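Engineer: here you go, sequence then predicted model.
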Amino acid sequence: MKTLKKILLVSVIGLLPTMGMAQELKIGVVNPTRLLEEAPQAKLALKKLEKEFATRDNKLLREQKAIKKDEEKLARDGSIMSESQRRKLERDILGKKRDLRRAFDELREDRTIRSNEERGKLLRFVNDAITTVGKQDKYDLILYEGIAFANPAIDLTAMILKRLQKEAKAKK
């Protein structure tokens, strides 16, 4: 896929001199990383995810503290406990740790899935904004991935960011 993008880019750049004779090309560049970090939709999505997972995060933290208390109890009172009490507490601690590890793994997977879903939505917003600006301002080409260098004069990131901010305000 990357090879195809490179071939397409080289082809377009190769055609630029011949196309330039007929008309001027209007080219713009967008920094997608900056858009994904600064767009109000990105900040809203992050808050939404934090809120969505806050309850589970807090529950796991409470379970972690409970395990720590049990470990402290075992360290403090293990020598005065009966053998069966000590073994039972050790098994309980191991079981709780195993369950906690599993719960953390599930939480991480769920968070990754939801994060990817929100990122996909955000990318659609960004692509729509880029397309709208491209059509409105009559750009022939807007590049936004794999740019090594771009003259700041053709950087449209701020313009796209303003559009995203305007759309976010309109939805409120």
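Structural biologist: All right, it came through fine. Numbering: from 1, shown residues only.
Engineer: tell me how far R87 lies from K47.
Structural biologist: Separation of R87 from K47 (CB to CB, to the nearest Å): 46 Å. Every C-beta, even on glycine, is put in place using the N, C-alpha and C of the backbone.
Engineer: equivalent analysis for N151, please.
Structural biologist: As for N151, its distance to K47 is 35 Å (criterion: CB to CB).
Engineer: go on, K65?
Structural biologist: According to CB to CB, K65 and K47 sit 26 Å apart.
Engineer: with K169 instead?
Structural biologist: 16 Å.
Engineer: same question, K73
Structural biologist: Counting by CB to CB - K73 and K47 are separated by 39 Å.
Engineer: neighbour count: those two, which is higher?
Structural biologist: Using other CB atoms under 10 Å as the criterion, K73 and K47 rank with K73 on top: 13 against 10.
Engineer: next, the contact list for that one, please.
Structural biologist: Each residue near K73 by CB atoms under 8 Å, 6 or more residues apart in numbering is listed here: L89.
Engineer: make it 6 Å
Structural biologist: By CB atoms under 6 Å, 6 or more residues apart in numbering, K73 lies in contact with nothing.
Engineer: how about the helices in this protein?
Structural biologist: Under the criterion DSSP state H, the chain contains helices at 2-22, 32-38, 40-77, 83-136, 157-171.
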